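Asker: model this:
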Amino acid sequence: MPRSIQKFFSGQVSKTALLIILPLSFASFYCTVIAAAICFPERYDWRVRVISNLTSPRDNPEFYWLPSLGIVVMALLLFPFAGYVERRLHSIKPRAARSAGVAFAFSFVVLLLAVVAQLAQPVIGMGWLHEFLARAAAAAFAVGMVCCCLIALKDRLRLFGGQWLLCNALTFSWASLTLLP
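Answerer: Presented below is the predicted three-dimensional model:
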């Protein structure tokens, strides 16, 4: 593997590069999912249907490939985020930072496997596998976010030796998006 690709996937990217990669990953996901929802054979209702219906060759025979491709591109683009977060939070709480990085990386890999399982479902016939992998990816991502929240709270609270290395906005965002729901 060329050194630059290895550095990319291990999270050795600049903050500027990450600020370009993250919006691209979100655009890849949301644009392809919205396009697939518009082209869905029936009326697609976000409140009733799951995204897996959009990626299913059975439910969306003409455009299942579009959101599948968007999810794969998103996961590959987000992969450096795991290493970046781990490196940035290591000085505050090393073990929790490592746990967050591993959880994020694991969630992206399992998400890729969930897409493959969905596409292979007509051949392998194990309908439960896609759902299991998708839930495992979501759970692993949640574990990573909880680790980040714990690190941010430790950094903020002087009682636990907080050094105030993270900004208020980041701590508030992580806590409100993860711990409140």
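
Asker: residue 100 against residue 144, yeah?
Answerer: Yes. Residue 100 lies in contact with residue 144 (CB atoms under 8 Å); the separation is 4.7 Å. C-betas here are computed from N, CA, C, even on glycine.

Asker: spit out the residues that contact the two alike.
Answerer: Taking CB atoms under 8 Å, 6 or more residues apart in numbering as the contact rule, residue 100 and residue 144 both touch 82, 85.

Asker: mind listing the helices for the protein?
Answerer: 3-9, 15-38, 51-54, 65-89, 94-124, 127-156, 168-178 (DSSP state H).

Asker: got the ones you listed as a markdown table, with mean pLDDT, distance to residue 45 and mean neighbour count columns?
Answerer: Below are the helices of the chain laid out as a markdown table (pLDDT from 0 to 100; distance: least, CB to CB, whole Å; neighbours: other CB atoms under 10 Å):
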| stretch | mean pLDDT | distance to residue 45 | mean neighbour count |
| --- | --- | --- | --- |
| helix 3-9 | 81 | 37 | 12 |
| helix 15-38 | 94 | 9 | 15 |
| helix 51-54 | 94 | 10 | 19 |
| helix 65-89 | 94 | 16 | 21 |
| helix 94-124 | 94 | 20 | 19 |
| helix 127-156 | 92 | 19 | 19 |
| helix 168-178 | 83 | 25 | 14 |
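
Asker: and of the ones you listed, who's closest to residue 44?
Answerer: Proximity to residue 44 (CB to CB) singles out helix 15-38 among the helices of the chain, at 4.3 Å.

Asker: relative to residue 103, how far out is the closest residue to residue 105 other than its chain neighbours?
Answerer: The shortest distance from residue 105 to any non-neighbouring residue, by CB to CB, 6 or more residues apart in numbering, is to residue 82 (4.0 Å). Counting by CB to CB, to the nearest Å, the gap from residue 82 to residue 103 is 8 Å.
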